[in-house]
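>>> no sequence on this one, just coordinates:
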Ligand code: FNR
């Protein structure tokens, strides 16, 4: 007798099965809302107005946050039928390293605003679900502690290039020593954006010495503080005067090359000429991002920049994407427009706020599930089949 065909496999059906079975057979509802609107609303209820403003807020009128979503919504998926999608391969290769799926955790600072375990909880979830993490320069714990929590889970370190080159060299040296696989230089925050929600509340976490653990644990930063190395007020003030450097230019990238053997990604690239220049200077990868609409008000929706940057990169370096990703369909669209991987931002912070490490793990599992189902339902059996032809403009 012929064997029955294999059961559908993959992240999607496994997650659906878990949710429905637990609820229907065990009377156990999901630990937090799965819909993005529900997740956001529940997190907003739980956290302080200051934390909500800092996390959900954007620059100026909020037009870039809206543009990120509107631009994603203008792209539409054209599903194809009757293709065998019983086995779906979500794997991708980033700089020659095989990954099970195209998701990564975006670097997000000051996670202690929503949960005491902050980045440590996020790292735990990254390890549980198998999602590589980009550790933030504004994390609430030193990178060494986060790396220890991650164990074998791959991670990169995100750098803000401040006024002290010696501090930059020190941070990069520490990242290398604790096992980071790459350095991400965030370029779009050479000055802090005009964040109206935070300004309305007169609240900035760094002035409470929150989100500056990478600095206060750094020998160069501590050396600059001298006798005041453990004084929180002095730490905050030194941080505020040194963390960003609006004078930074392209020629400085050579300094980074001289100080690390790790691959270097540039985050915040939106123009094809910047992309071409970065590749010409030997950068190893690009991240198309507008910082989730937190820096330039009235900027281009990030997904509309992606296609141009990907064309300019022409497959020579990986192009990653973030800003506005809220579900599997968004990830699918980014992949179709040339992204190698996609960074999840605010949604995992809402999960962290609601349920710590379990909340983050839940958000990541749901993203993977929805991506897997979107792939199959659109008629794609692998990420390689998610091409520009799968989309149309509304
Ligand atoms: C960020 N982002 C960010 N980026 C970075 O390079 N270093 C950082 O420390 C932070 N910190 C940070 C804090 C908060 C509260 C948010 C919301 C964002 C930007 C982040 O990496 C990513 O680009 C955006 O979050 C993507 O936009 P969405 O998907 O969150 O809308």
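Perfect, I can see it now. These figures come from a predicted structure and were not determined experimentally.
>>> and the closest residue to residue 84 other than its chain neighbours, what are its phi and psi?
Using CB to CB, 6 or more residues apart in numbering and skipping the chain neighbours, the partner closest in space to residue 84 is residue 381 (6.6 Å). Backbone N, C-alpha and C define where each C-beta goes, glycine included. The phi and psi values for residue 381, taken as degrees, to the nearest 10, are phi -100, psi -10.
>>> got the contact list for residue 381?
Counting by CB atoms under 8 Å, 6 or more residues apart in numbering, residue 381 touches 83-85, 87-89, 375.
>>> separation between the residue nearest the centre of the chain and the ligand?
Closest residue to the average C-alpha location of the chain: residue 106 at 1.4 Å, with CA atoms, centre = their mean. Relative to the ligand, residue 106 is positioned 4 Å away (CB to the nearest ligand atom, to the nearest Å).
>>> In the chain, where is pLDDT below threshold?
1-9 (pLDDT under 70).
>>> Could you tell me which residues of it lie near the ligand?
Taking CB under 6 Å from any ligand atom as the contact definition, the chain meets the ligand at 54-55, 106-109, 136-138, 158, 186, 267, 289, 291-292, 322-325, 345-346.
>>> So which of those sit within strands?
158, 186, 267 (DSSP state E).
>>> what's the closest of those to the ligand?
residue 186 (3.5 Å; CB to the nearest ligand atom).
>>> so what's that closest one closest to, chain neighbours aside?
residue 267 (4.5 Å).
>>> and if you look at residue 383?
Nearest one to residue 383, counting by CB to CB, 6+ apart, is residue 92 at 5.4 Å.
>>> For my notes, please list the contacts of residue 381 in JSON lines and give secondary structure and neighbour count for each entry.
As requested, these are exported to JSON lines (DSSP: H, G, I helix; E, B strand; the rest coil; neighbours: other CB atoms under 10 Å):
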{"residue": "83", "secondary structure": "coil", "neighbour count": "12"}
{"residue": "84", "secondary structure": "coil", "neighbour count": "8"}
{"residue": "85", "secondary structure": "coil", "neighbour count": "21"}
{"residue": "87", "secondary structure": "coil", "neighbour count": "12"}
{"residue": "88", "secondary structure": "coil", "neighbour count": "22"}
{"residue": "89", "secondary structure": "strand", "neighbour count": "16"}
{"residue": "375", "secondary structure": "helix", "neighbour count": "27"}
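>>> any idea which of these is closest to residue 33?
residue 375 (23.5 Å; CB to CB).
>>> unless I'm mixing things up, the closest one is touching residue 329, no?
No - at 10.2 Å, residue 375 does not count as touching residue 329 under the criterion of CB atoms under 8 Å.
>>> The protein: strands as residue ranges?
Secondary structure of the chain, counting by DSSP E: strands at 75-77, 92-94, 97-99, 103-105, 133-135, 155-159, 183-186, 264-267, 285-288, 319-321, 341-344, 391-393.
>>> could you dump these to CSV with distance to residue 201 and mean neighbour count?
Shown next, in CSV, are those (distance: least, CB to CB, whole Å; neighbours: other CB atoms under 10 Å):
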stretch, distance to residue 201, mean neighbour count
strand 75-77, 35, 18
strand 92-94, 38, 18
strand 97-99, 39, 12
strand 103-105, 27, 25
strand 133-135, 27, 27
strand 155-159, 26, 26
strand 183-186, 24, 25
strand 264-267, 27, 24
strand 285-288, 29, 28
strand 319-321, 31, 27
strand 341-344, 26, 24
strand 391-393, 39, 11
